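J.: just coords:
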């Protein structure tokens, strides 16, 4: 009888465990996210691959012989080489300014973060209105400062269109750099800075010897993320200038769009689209690996 009671107890405990452990539905809950990733990222990548394979090897040959491609590449690299350092330096300066306790600091942080939360297309529309020659306040403010009428056609004059794109991009993405640098500054060891102050280290020496090495991982992440964004910059440029005037603001993304969508799908544009998508995917994967190793290093 004892054996029967023991078997019954085991059976009841097994049944209780079975009841207590419901079916794991987490993989099924991930299906919508996986489908979204496939629809947004993988499907365009495969489509660009098919187009580039159909056009190969003419696609890359067409790109090499197309002067518009080299101009768009040069313009994209120029935009990135100017905007990225300015955004990083301004973001770091603002983070250093607000890292110290001050009245209303939380309000200032929230206000500075707002441009980064705006959709790039909305940012382009906003700056298009601000640069408007008749109703925009930019020319009116410059006229009041200079004392004479300023009639600059920011989005129509080839001499100023590139600057307009730069201003819009720096305005929107400097807050992103600020948030990353601000979060990193709050994690800098206060003890090391106090030790540097005790050893009569000046503010610049403390910054370069203590603060900057601690900020280096965050700076690398920020530069990689913004660099990828600038290499595929499209929204603000398209809304502001549509790549004009006279192709003075045509970036690589605009070049691909004009070739694939409005140009009927040229071989060169297909090859460039696939190369760009593949490059961004590989660089993003490398960034994820770098962040994972950095986190493991901090944990150990």
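T.: Noted; the coordinates are in hand. Bear in mind that the values here come from a model prediction, so they are computed numbers and not experimental data.

J.: please count neighbours and contacts with C-alpha atoms only from this point.
T.: Noted.

J.: from residue 124, how far off is the nearest residue to residue 150 once chain neighbours are set aside?
T.: By the measure of CA to CA, 6 or more residues apart in numbering, the closest residue to residue 150 outside its immediate chain neighbours is residue 143, 5.1 Å from it. Counting by CA to CA, to the nearest Å, the separation of residue 143 from residue 124 is 23 Å.

J.: who's more crowded, those two?
T.: Set residue 143 next to residue 124 and count neighbours by other CA atoms under 10 Å: residue 124 wins out with 23 against 14.

J.: wait, residue 142 sits on residue 150?
T.: Yes: applying CA atoms under 8 Å as the test, residue 142 and residue 150 come out as touching, 6.5 Å apart.

J.: burial count for residue 152?
T.: Neighbours of residue 152 (other CA under 10 Å): 16.

J.: hmm, it is touching residue 139, no?
T.: Yes: with contact defined as CA under 8 Å, residue 152 counts as touching residue 139 (6.8 Å).

J.: overlap of the contact sets of those two?
T.: Common contacts of residue 152 and residue 139 (CA atoms under 8 Å, 6 or more residues apart in numbering): residue 133.

J.: so which bits of stretch 208-217 are buried?
T.: Buried residues in stretch 208-217, counted by 16 or more other CA atoms under 10 Å: 210, 211, 212, 214, 215.

J.: which among the residues you listed gets closest to residue 50?
T.: Set against residue 50, the nearest of the buried residues of stretch 208-217 by CA to CA is residue 215 (42.3 Å).

J.: that closest one against residue 184, yeah?
T.: Yes: using CA under 8 Å, residue 215 makes contact with residue 184 at a distance of 6.1 Å.

J.: shared neighbours, the two?
T.: Residues touching both residue 215 and residue 184 (CA under 8 Å, 6+ apart): there are none.

J.: all strands of the stretch 51-200 of the chain, in order?
T.: Counting by DSSP state E, counting those that start in this stretch, one finds no strands in the stretch 51-200 of the chain.

J.: hey, where'd the helices end up in it?
T.: Applying DSSP state H, counting those that start in this stretch to the stretch 51-200 of the chain gives helices spanning 58-65, 67-98, 105-117, 120-130, 137-146, 161-186, 190-198.
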